[in-house]
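Colleague: this is a predicted model, with the sequence first.
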Amino acid sequence: MPTVAKGDGMRGLAVFISDIRNCKSKEAEQKRINKELANIRSKFKGDKTLDGYNKKKYVCKLLFIFLLGHDIDFGHMEAVNLLSSNKYTEKQIGYLFISVLVNTDSALIRLIIQAIKNDLEARHPVHICLALQCIANIGSKEMAEALTKEIPKLIVSGETIDAVKQSACLCLLRLFRTSPETVPPGEWTQRVGHLLNDQHLGVVTSATSLIHTLAQKTPEDFKPCVQLAISRLSRIVTSSYTDLQDYTYYFVPAPWLSVKLLRLLQVYPPPEDPALRGRLNECLETILNKAQEPPKSKKVQHSNAKNAVLFEAINLIIHHDTEPSLLVRACNQLGQFLQHRETNLRYLALESMCLLASSEFSHEAVKKHMDTVITALKTERDVSVRQRAVDLLYGMCDKSNAEEIVAEMLSYLETADYSIREEMVLKVAILAEKYPVDYTWYVDTILNLIRIAGDYVSDEVWYRVIQIVINRDDVQGYAAKVVFEALQAPACHENMVKVGGYILGEFGNLIAGDQRSSPMVQFQLLHSKYHLCSAPTRGLLLSTYIKFINLFPEIKGQLQDVLRNNNNLQNADAELQQRAIEYLQLSTVASQDVLATVLEEMPPFPERESSILAKLKKKKPNVSDIEVVKEGKKSSNPPTLNNSAANTPEATPASAPVPVMAAAPAPAPVQSASDDLLGLSAGPAAAAPVTNNFAAPAAPAGGGGLLVDVFDTPPAQNNVSTALAPQAEENFFKFAIKNNGVLFENELLQIGVKAEYKGNLGRLGLFYGNKTSYPFQFFTPTVSCPGELASAMNVQTKPLDVNTVEGGAQVQQIINVECIADFVDAPILSIKFSYSGSMQQINLMLPVMLNKFFEPVEMDATSFFNRWKQLSRRPGQEEQKIFKASFPINSDTSRTKLLGFGFGLLDGVDPNPDNFVGAGIIKAQSSQVGCLLRLEPNMQAQMYRLTLRTSSKSVTTRLADLLLKLF
Amino acid sequence: MLKFILLVNKQGQTRLAQYYEHPEHDRVSVERDIIRKCLAREDNQCSFLEYKNFKLVYRRYASLYFIVGVDHTENELAILELIHNIVETYDKYFDKVCELDIMFNLDKAYMILEEMVMNGRIVEMNQNRILLPIRVMDQATQ
């Protein structure tokens, strides 16, 4: 029987806890909890005379149930009632309940605010403290509006007792964080600074936290605090541990306060006043000196507390970055820690040193520790420490040691933990590009990278190596030779095939003189990989083949055979099929001159920021700062690796005319235009002539525009009005389960769509094809978001560069969409143009619907049913429809439709194999909504029962409406 | 600042949880994931680990784990010792604290924590001062 240590033992609670502990299974536990919840509910409801002791007991039980992982959705009212009790214990338990089990129900908040107000005016300081603690923990905007006025008074008043001041500081801090506008600066701001001089170190600690946050927002207002903080810090570090007895922790005087003061100072640059600066440097030196003194205690608490202050002091030294001697001393100190037996210290030393590496004063000193860090990378048993070692090697790398560091990182990569491989690959790729020994070394390094960790090499990495090879003609022959060699490996990574295919397609001729790599050998080598590759890679290889036709006319026959192969000509993948048809046609119809022009070598890529770096920054936001600092300091030139450049992909216009390879859509990532190797996103002007080149010869064979959708191309009527074009709606809904196809067609104009979605982002390419032989003038497509949609979606349209679409030509427009919140209506695409003197207008719905931002989810039956159950509590979470099938019921078709819609299908969850069970997540920027689906067909009645459950009513309704149209 | 403090036993059961930044959704599964990650670590591994966009600092006492989630502005060692100070304060109040003391006196355990950390920031580190209000309360109820 457990013993109850202190205070008023609550027998009921003890029994309940023992019961739970004795439960043999999860089910038994759940049963016991449900019983208890029912019991408490009825007690709260029925028994009006429940005394304080009993209320407290039930609240404790509810807390315990909460800790077991259950959401508590009642009892808040009772807790609020406790707030108005006069008994301290009851009041305290009421506040505790509210602070831990926050409930944002606004009616309740008003009552809580009233109770807090009453307590703030109470005379008893412990009541005031409780009220302040509560605000500090759950303070909301509403609370800020109602209560802010009172708090500053409490902080600066001479009559307030210390404990209240402490709570008031953190309370104000909370309100400031939730809604800064309700905390206006005033007379109190100056006086709050003087709290740094307070006798009570507890008050100083709280005040420092408050000032730190306020100073980050308006540093000027709190500048006088710098001096106060330095003098306070100086008094602490020079005191002996006996001086500050109350606040000495294992012989270290006020370690937490010291850390906070040092943090506060990091908001500001080094003080300008030489005396003040001297005093601060003295403090920092004292802290560094203390690290060398023999420890006053063998306990780890002593060394931890001491080193906490030391690391924070080093952070400040690095932040100031002006005192070479301090920086070097800091570096030496960290060097000692690198070999310390405490793993924690090694970890922190590596982390801190990574910051030091970016300072020009200590960069050289950091480099001396390279061997130790490399050893750490090889021998540390903790992956988190190894990760820090990788970061530090990356940070200390420069021209002088790049070759060694890259070699070490490559060799480590062979055995590296999966969790850090992707990041390491990016880092190696960046270092190799930034500090190339020469370009052959660069090419070797990247190919090694693909060989060792091909799965982790993202598109950005291989795009980049190709960009660089194309731009430097001194390395092209070498690159062709090494990719040719690499491709001879029996098992080579698909990324290698991509790089190999691309480079041989451009520069295969440079090695064709050698019999061992003759055109035929090159072609056979590449084609031996063809069947093992995914569709995008095959597409790329098809482009290589057409380039070969130009480079090596002697093997044109064999190449045409491949293009002519039924596997390609009738491939289910529209992209492959299209390429095969067009390339074949091009190679048959066009003269050698035309071929040579169309298929000429890629022109140099415009120099732009490496997209790899942008990717690394996205993964680790803090890395970029280091980079920028470092670059900015080392040269007087503007930093080349600037953040802002990475964030504005539009700033990288590709003006180069892009010949044939540009038409080959390499798997363009959706996120940002600068990710894109081929400059597909460079603007419609660049792409348009290319598509022309193709469309002309391909037209007779294909019988339509570029984007022939083999499944449905219903001809639509011409229409000049503001209403939606006929069949616009029908076509629109077809896009619910596909991304590419024809959105609109009449006798004048065809509009094709190609879309890609990832997370909450989407990119649509619209292709406007002029079917007539006369130009469209004043051709202006505009996209608008009507009504509520404007706040739920961001749509960015790149205006067309041209306003005339020539007869038979096609122009492309890129539209980026970002889903902010769930939505119902679609953006409206409105196209106006003048055709042989008369104005035409076509209004269409842009095929962007909620399910486009849907990602499939896999889960097993148990978790599915758990969630399914959870999602049935509130009204609106479930939507059920029973309806007559509009299309013949077919299991395979339904499956394809649901997958196309974006659900992950969960097989085996429903025992009836005819029924479908699916799950997915809507990824909007503001929220993510999990969605569960069950679809039960009834063959005899030709009916369906559709049940959807999500946590959002609007999402449930919208998805159900969309699905209804599909079945 | 601190995002949360968790006290869990070796079986991974949460015995105390205080959030300073309220998790928007799915507290339970995130909490489980964090606990699983910490419990799986060996003694020779360091006491800090990166988790999503923040850091976990944890310390083990026999069968109890303290896990603190912090943002990147906190000093790891200071948090490690904050944990120890919390444990010592519990020890002082409960007299050799054990898991059961916390379970049966949840309100007291929370109250002590409240005196030490508020709004994710340290308020008071002097053990006598921390225990003052609760001792006043104990006297009042006796």
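Modeller: Happy to help now that I have it. Residues are numbered from 1 along each chain as shown, chains lettered A, B, ... in the order given.
Colleague: quick check, the residue in chain B closest to chain A?
Modeller: Nearest residue of chain B to chain A (CB to the nearest CB) works out as residue B:77 at 3.7 Å. C-beta: built from backbone N, CA, C; applies to glycine.
Colleague: what about that residue, how many neighbours?
Modeller: Close neighbours of residue B:77, defined as other CB atoms under 10 Å in any protein chain shown, add up to 26.
Colleague: who touches it in this structure?
Modeller: A:304, A:305, A:307, A:308, A:311, A:344, A:348 (CB atoms under 8 Å, 6 or more residues apart in numbering or on different chains).
Colleague: repeat the analysis, applying 10 Å as the threshold.
Modeller: A:255, A:259, A:303-312, A:344-345, A:348, B:47-48, B:57 (CB atoms under 10 Å, 6 or more residues apart in numbering or on different chains).
Colleague: name the SS class of the nearest residue to it once chain neighbours are set aside, please.
Modeller: In space, and not counting its chain neighbours, residue B:77 is closest to residue A:308: 3.7 Å by CB to CB, 6 or more residues apart in numbering or on different chains. With DSSP: H, G, I helix; E, B strand; the rest coil as the basis, residue A:308 sits in helix.
Colleague: and residue A:308, what does it touch?
Modeller: Residues near residue A:308 by CB under 10 Å, 6+ apart: A:249, A:252, A:255-256, A:258-259, A:262, A:348, B:75-82.
Colleague: return the member of the residues you listed nearest to residue A:738.
Modeller: Closest approach between those and residue A:738, by CB to CB: residue B:76, at 50.3 Å.
Colleague: next, the closest one: phi, psi?
Modeller: Backbone torsions of residue B:76, given as degrees, to the nearest 10, read phi -60, psi -40.
Colleague: right, and it touches residue B:54 too?
Modeller: No. With contacts counted by CB atoms under 10 Å, residue B:76 stays clear of residue B:54, the gap being 11.9 Å.
Colleague: list the residues that contact both of those two?
Modeller: With CB under 10 Å, 6+ apart, residue B:76 and residue B:54 have common neighbours residue B:70.
Colleague: neighbour count: the two, which is higher?
Modeller: residue B:76 (23 against 15).
Colleague: what sits against the more buried one?
Modeller: A:304, A:307-308, A:311, A:344, A:347-348, A:351, B:46-48, B:55-57, B:68, B:70.
Colleague: gap between it and residue A:845?
Modeller: 53 Å (CB to CB, to the nearest Å).
Colleague: again, but for residue A:951
Modeller: 27 Å.
Colleague: show me the contacts for residue A:437.
Modeller: Counting by CB under 10 Å, 6+ apart, residue A:437 has contacts A:399, A:402, A:403, A:406, A:444, A:445.
Colleague: what of residue A:98?
Modeller: Per CB under 10 Å, 6+ apart, neighbours of residue A:98: A:76, A:79-80, A:82-83, A:108-109, A:112, A:115-116, A:134, A:137-138.
Colleague: the same query, at a cut-off of 7 Å, please.
Modeller: Neighbouring residues of residue A:98 by CB atoms under 7 Å, 6 or more residues apart in numbering or on different chains: A:79, A:112, A:134, A:138.
Colleague: what do you get for residue A:881?
Modeller: Counted by CB under 7 Å, 6+ apart, residue A:881 has contacts A:946, A:960, A:964.
Colleague: verify the contact between the first one and residue A:963 for me.
Modeller: Yes. With contact defined as CB atoms under 7 Å, residue A:946 and residue A:963 form a contacting pair (6.0 Å).
Colleague: give me the more crowded residue out of the two.
Modeller: residue A:963 (23 against 20).
Colleague: not counting sequence-adjacent ones, nearest residue to residue A:738?
Modeller: Using CB to CB, 6+ apart, the nearest residue to residue A:738 is residue A:900, at 6.0 Å.
Colleague: assign that neighbour to helix, strand or coil.
Modeller: Applying three-state DSSP: residue A:900 is helix.
Colleague: number of nearby residues for it?
Modeller: 15.
Colleague: secondary structure element holding residue A:123?
Modeller: Using DSSP states H and E, residue A:123 sits in no helix or strand.
Colleague: any idea how far it lies from residue B:7?
Modeller: Residue A:123 is 35 Å from residue B:7, by CB to CB.
Colleague: the more surrounded of those two?
Modeller: Legend: neighbour count by other CB under 10 Å for residue A:123 and residue B:7, higher for residue B:7 (24 against 6).
Colleague: can I take it that that one is in a helix?
Modeller: No. Residue B:7 is assigned strand when assessed by three-state DSSP, not a helix.
Colleague: for it, give me its contacts.
Modeller: Contacts of residue B:7 (CB under 7 Å, 6+ apart): B:15, B:16, B:64, B:66, B:102.
Colleague: repeat that for residue A:32.
Modeller: A:19, A:20, A:23.
Colleague: mind checking the SS state of residue 49?
Modeller: Just going to use chain A. Applying three-state DSSP: residue A:49 is coil.
Colleague: you looked at the wrong chain, it should be chain B
Modeller: strand.
Colleague: ok, it - contacts?
Modeller: So residue B:49 contacts A:384, B:37, B:56 (CB under 7 Å, 6+ apart).
Colleague: sorry, back to before: check the contacts of residue B:7 and tell me the two furthest apart.
Modeller: Using CB to CB for every pair in the contacts of residue B:7, the one that comes out farthest apart is B:66 and B:102, at 11.1 Å.
Colleague: tell me the bridge partners for residue A:769.
Modeller: residue A:750, residue A:810 (DSSP bridges).
Colleague: that one reaches residue A:810, doesn't it?
Modeller: Yes. Using CB under 7 Å, residue A:769 makes contact with residue A:810 at a distance of 4.3 Å.
Colleague: picking that back up, could you identify which of the contacts of residue B:49 has the most neighbours?
Modeller: residue B:56 (23 neighbours).
Colleague: now do the SS call for that residue.
Modeller: strand.
Colleague: where does the prediction get shaky in chain B?
Modeller: For chain B, residues meeting the criterion pLDDT under 70 lie at B:24, B:142.
Colleague: how about the helices in it?
Modeller: Secondary structure of chain B (DSSP state H): helices at B:27-39, B:76-94, B:99-104, B:106-116, B:127-141.
Colleague: can you list contacts of the last one?
Modeller: By CB under 7 Å, 6+ apart, the list of residues contacting helix B:127-141 from outside reads A:7-8, A:88-89, A:92, A:126, A:202, B:88-89, B:92-93, B:108, B:111-112, B:115-116, B:124.
Colleague: quick one: work out the angle between it and helix B:106-116.
Modeller: 140 degrees (axes from the mean of the first three to the mean of the last three CA atoms, to 10 degrees).
Colleague: distance to residue A:588 and neighbour count added to the contacts of residue B:7, as TSV?
Modeller: Compiled in TSV, those are given as follows (distance: CB to CB, whole Å; neighbours: other CB atoms under 10 Å in any protein chain shown):
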residue	distance to residue A:588	neighbour count
B:15	77	19
B:16	77	19
B:64	78	18
B:66	75	22
B:102	82	20
